[in-house]
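Enquirer: Mind looking at a prediction? Sequence and model below.
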Amino acid sequence: MEKAGCCHLHCFGEKLKRQQQNHPFSFRICFEYCGKLPASEDKPVTSRKDRKTGSMHVGDEDFDVNDPAYEMDATWAEVCKVCCVRTPAEWGMALLGLLLVIFFLYFFLLGLDLLGSGAKAMGGCAAGELFGDDMNPIAGLMVGIVATVLLQSSSTTTSIVVSLVGADTVSVKQGIYMIMGANIGTSVTNTIVAMGHLGDGDQLERAFAGATVHDMFNFLSVACLLPIEAATGYLFHLTKACVKGYEKKEGEKWEGPVKKLVAPLAEHVIIVNKKVAEQIASGDKTCNDYYPLDGKLNCTDRGDPLTCKSGILACDHKADPPFCPAFFDTNATESVDRTAGVCAFIIGLIVLFICLFGLVKILQKMMMGASTRILYKATNINGYIAIVIGAGITMIVQSSSITTSVLTPLVGVGALRLEQMLPLTLGANIGTTMTGLMAALLGNANGMQVALAHLFFNITGIVIWYPLPFMRQVPLNAARALGRGTRLFRLFPIIYIVVAFIALPLLFLGISYLFSEKNSGMTALGIVVVLLLAVILCWTAYFCKYKGGREKCTECLVTRDRRSKAVKDLPDDMEWLKAKVRQLSEHTGLPVDDDEEAADDEKDGKENSSTDEEGVVNKE
């Protein structure tokens, strides 16, 4: 009785206080104070509106990283309490979750490695044939994009360009344009990773925005700096001053710890001969030189793969003992090795998506119910410190694709916001230049000049787009717009990848080829194609701005999405309607619809007739 009296007094006082402050009052406060809940209220809270603090939790029905409630601040004491104050059972579950995250993360990185190796083998000799010196800035940019998409690694593209420039096969100026293209092409990997969230619309929107914020920064930086470089040679002259008096260094290539962990397993599946693209690009060899015996590998003994010289695929002769990967074939031709690359690419993609699914599920379980106040406080670090962290991580793993691909699922589940993802990706852009710099240390001044141009290009882009808040919003808003596009069409990421990283670069590369052939017929065809594209672009802009084209397109996609959802939900809706009709019929005493009874009678009649026919057959 005494406790009940205290409860009533507390409720009455709380009610008066909240009425005086014009705040809403809920009897949940009384029940929480008294340590009990009524039966009707004894269920989990799934909305911040039902909490007296108004805080948002992961897993809420109204969870939204762009809601101001996400940024409600917490104290470090609260963060430490949530992180460290646990029961033994909770510590055990946390340890199990951490081990599962490490397990899936390892195979996620393995999938990325197989994806990259498969793409290199699929490209075969084509990637090396792209590189050349006789091209304009646009062509050089497109070559960098296409080569990086084929090789699935800007580090590989950068290393090839640095070595080609060091060998005087490609000029420094052309190398700078190719490096710009490589910066754009590298962001295709984390965009592919974002597609692993296709099953959840909310996660897909966040993950795709988190992946494409990297793309938007790279596109915007190239849009600003390519014309400046073509007109003034800003990067060329800056880096030329930096390498004055540079001398070649002796040493070995450094291999990152992640590569050392993943490579032993990946190399038993497929090993790509990295010298193919470089030697073909430099003109030292052609693709036929790797398959000299009637289009097959040069082998001393077909029964022993270690006696074969490398083609697109290779064996590891430095290992102890030496071995050949599973996809290596002693009777391989170029097409066989490319097919092996396709298989490795598909396997890598499957492993990638399975591990991504596992990572997302475990992260959701670990963070489910966690207050966003705590997440915001724990992850809300200074942007410039985040840039340094992103650069440091990328220097260690030796790949910006790995850094951004691992961060993308965190954005998808809501653990990282887009504003926090941007500086980390900018740091990854700086960190990935370390690969080219280390490759250039073993070359001459020209190679070092291109590697430094890569570094200064990214630093200049950051100076343009990050320090000023209103400039920072340009790539962020563009990424959010692309994320919203997945709401209108779930397969929008696939269209984006095909158009942005394959179709448009190949189109511009083809147009550049027409003008660079110094043939009047080719030039005339190029002029016609350019004029046709200009007309199409002008008409599209006119249609979207003055004829309501954007609204019509959006309305069409929304209608299509609504129709597909209606068709998907139709069986459940019909069952619900039938159940309601039966309840109404039982309540009112009215008979069920005659059409339904007729359909049931017809069905019973068919069953009876089929039974009679079976009986006649048995008698015969």
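Expert: Ah, there it is.
Enquirer: can you pull the buried residues of the host helix or strand of residue 584?
Expert: Under DSSP states H and E, the secondary-structure element containing residue 584 is helix 549-588. Residues of helix 549-588 classed as buried: none (neighbour count, 16 or more other Cβ atoms under 10 Å). Using the backbone N, CA and C atoms, a C-beta is placed for each residue, glycine as well.
Enquirer: Spit out the contact partners of the nearest residue to residue 529 once chain neighbours are set aside.
Expert: Excluding its sequence neighbours, the residue lying closest to residue 529 (Cβ to Cβ, 6 or more residues apart in numbering) is residue 511, at 6.0 Å. Contacts for residue 511 (Cβ atoms under 8 Å, 6 or more residues apart in numbering) come out as 526, 529, 530.
Enquirer: how close does the closest residue to the last one other than its chain neighbours get to residue 136?
Expert: Nearest non-adjacent residue to residue 530, counting by Cβ to Cβ, 6+ apart: residue 511, 6.5 Å away. With distances defined as Cβ to Cβ, to the nearest Å, the gap from residue 511 to residue 136 amounts to 10 Å.
Enquirer: avg pLDDT for the helix or strand hosting residue 214?
Expert: Assigned by DSSP H and E, residue 214 belongs to helix 201-232. Average pLDDT, helix 201-232: 90.
Enquirer: for the helix or strand following that helix, packing partners?
Expert: Using DSSP H and E, the helix or strand that follows helix 201-232 towards the C-terminus is helix 234-242. Helices and strands touching helix 234-242, as assessed by 3 or more Cβ pairs under 8 Å, 6 or more residues apart in numbering; DSSP states H and E, comprise helix 172-185, helix 201-232, helix 445-465.
Enquirer: List the residue ranges of the stretch 101-250 of the chain that fall below the pLDDT cut-off.
Expert: Counting by pLDDT under 70, the ranges of the stretch 101-250 of the chain that qualify are 124, 127-135, 246-250.
Enquirer: Residue 304: neighbouring residues, count only.
Expert: By the criterion of other Cβ atoms under 10 Å, residue 304 has 11 neighbours.
Enquirer: and it, what does it touch?
Expert: residue 330.
Enquirer: repeat that with 10 Å
Expert: Listed by Cβ atoms under 10 Å, 6 or more residues apart in numbering, the contact partners of residue 304 are 324, 330.
Enquirer: swap in residue 436?
Expert: The neighbours of residue 436, taking Cβ under 10 Å, 6+ apart as the test, are 154-155, 157-163, 179, 182, 447-448, 450-455.
Enquirer: go again using 7 Å as the cut-off
Expert: If you count contacts by Cβ atoms under 7 Å, 6 or more residues apart in numbering, residue 436 has them with 158, 159, 162, 451, 454.
Enquirer: Equivalent analysis for residue 172, please.
Expert: Residues near residue 172 by Cβ under 7 Å, 6+ apart: 165, 236, 446, 449, 450.
Enquirer: same check, this time on residue 395
Expert: Taking Cβ under 7 Å, 6+ apart, we find residue 395 in contact with 431, 434.
Enquirer: From residue 519, how far off is residue 453?
Expert: Using Cβ to Cβ, one obtains 32 Å as the distance from residue 453 to residue 519.
Enquirer: quick one, which of these two is more surrounded?
Expert: residue 453 (29 against 12).
Enquirer: Do I have it right that that one meets residue 178?
Expert: No. Applying Cβ atoms under 7 Å as the test, residue 453 and residue 178 come out as separate, 10.2 Å apart.
Enquirer: Could you confirm residue 245 falls within a strand?
Expert: No. The secondary structure assignment for residue 245 gives coil rather than a strand, going by DSSP: H, G, I helix; E, B strand; the rest coil.
Enquirer: Next one: it relative to residue 239, how far apart?
Expert: Using Cβ to Cβ, we find residue 245 at a distance of 14 Å from residue 239.
Enquirer: Residue 506 now?
Expert: For residue 506 relative to residue 239 (Cβ to Cβ), the value is 29 Å.
Enquirer: where does the stretch 301-450 of the chain dip in pLDDT?
Expert: Within the stretch 301-450 of the chain, the set of residues satisfying pLDDT under 70 comprises 364, 367-379, 442.
Enquirer: can you give me the helices for it?
Expert: All helices of the stretch 301-450 of the chain, identified by DSSP state H, counting those that start in this stretch, fall at 334-367, 372-379, 383-397, 400-413, 418-431, 433-441, 445-465.
Enquirer: if you skip the residues just before and after it, what's nearest to residue 522?
Expert: Ranked by Cβ to Cβ, 6+ apart and with sequence neighbours excluded, the top spatial neighbour of residue 522 is residue 514, at 4.8 Å.
Enquirer: give the contact list for the one you found.
Expert: Taking Cβ under 7 Å, 6+ apart as the definition, contacts of residue 514 comprise 522, 523, 525, 526, 529.
Enquirer: Make a markdown table from the contacts of residue 511 and add distance to residue 148 and secondary structure to it.
Expert: Formatted as a markdown table, the entries for these read as follows, by distance: Cβ to Cβ, whole Å; DSSP: H, G, I helix; E, B strand; the rest coil:
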| residue | distance to residue 148 | secondary structure |
| --- | --- | --- |
| 526 | 25 | helix |
| 529 | 25 | helix |
| 530 | 25 | helix |
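Enquirer: mind checking which helix or strand the nearest residue to residue 348 once chain neighbours are set aside is in?
Expert: Computed as Cβ to Cβ, 6+ apart, the closest residue to residue 348 that is not its neighbour in sequence is residue 114, at 3.1 Å. Here residue 114, judged by DSSP H and E, is contained in helix 88-123.
Enquirer: Please find the angle between the direction vectors of that helix and helix 400-413.
Expert: Our comparison of helix 88-123 with helix 400-413, counting by axes from the mean of the first three to the mean of the last three Cα atoms, to 10 degrees, yields an angle of 130 degrees.
Enquirer: And helix 88-123, how far out from the chain middle?
Expert: Between the centre of helix 88-123 and the centre of its host chain there is 15 Å, according to Cα atoms, centre = their mean, to the nearest Å.
Enquirer: Next, the buried residues of that helix.
Expert: For helix 88-123, using 16+ other Cβ under 10 Å, the buried residues are 100-101, 104-105, 107-123.
Enquirer: coming back round to it: by neighbour count, which of the contacts of residue 514 wins?
Expert: Within the contacts of residue 514, residue 526 tops the neighbour count with 19 neighbours, counted by other Cβ under 10 Å.
Enquirer: Just the pLDDT for the residue nearest to residue 530.
Expert: What the model reports for residue 511 is a pLDDT of 85.
Enquirer: Now do it against residue 126, distance only.
Expert: Remark: distance between residue 511 and residue 126 (Cβ to Cβ) = 19 Å.
Enquirer: re earlier: which of the contacts of residue 172 lies at the shortest distance from residue 204?
Expert: Within the contacts of residue 172, distances to residue 204 taken as Cβ to Cβ reach their minimum at residue 450, with 37.5 Å.
Enquirer: coming back round to it: list the contacts of the residue nearest to residue 348.
Expert: Contact partners of residue 114, counting by Cβ under 7 Å, 6+ apart, are 266, 269, 270, 344, 347, 348, 351.
Enquirer: My understanding was that residue 332 contacts residue 310; is that so?
Expert: No. With contact defined as Cβ under 7 Å, residue 332 does not count as touching residue 310 (10.3 Å).
Enquirer: out of those two, which sits in the more crowded spot?
Expert: Neighbours around residue 332 and residue 310, counted as other Cβ under 10 Å, are more numerous at residue 332. The numbers are 24 against 18.
Enquirer: For that one, give me the backbone phi and psi.
Expert: Here the main-chain torsion angles of residue 332 (degrees, to the nearest 10) amount to phi -70, psi 140.
Enquirer: more neighbours, residue 506 and residue 239?
Expert: Legend: neighbour count by other Cβ under 10 Å for residue 506 and residue 239, higher for residue 239 (23 against 13).
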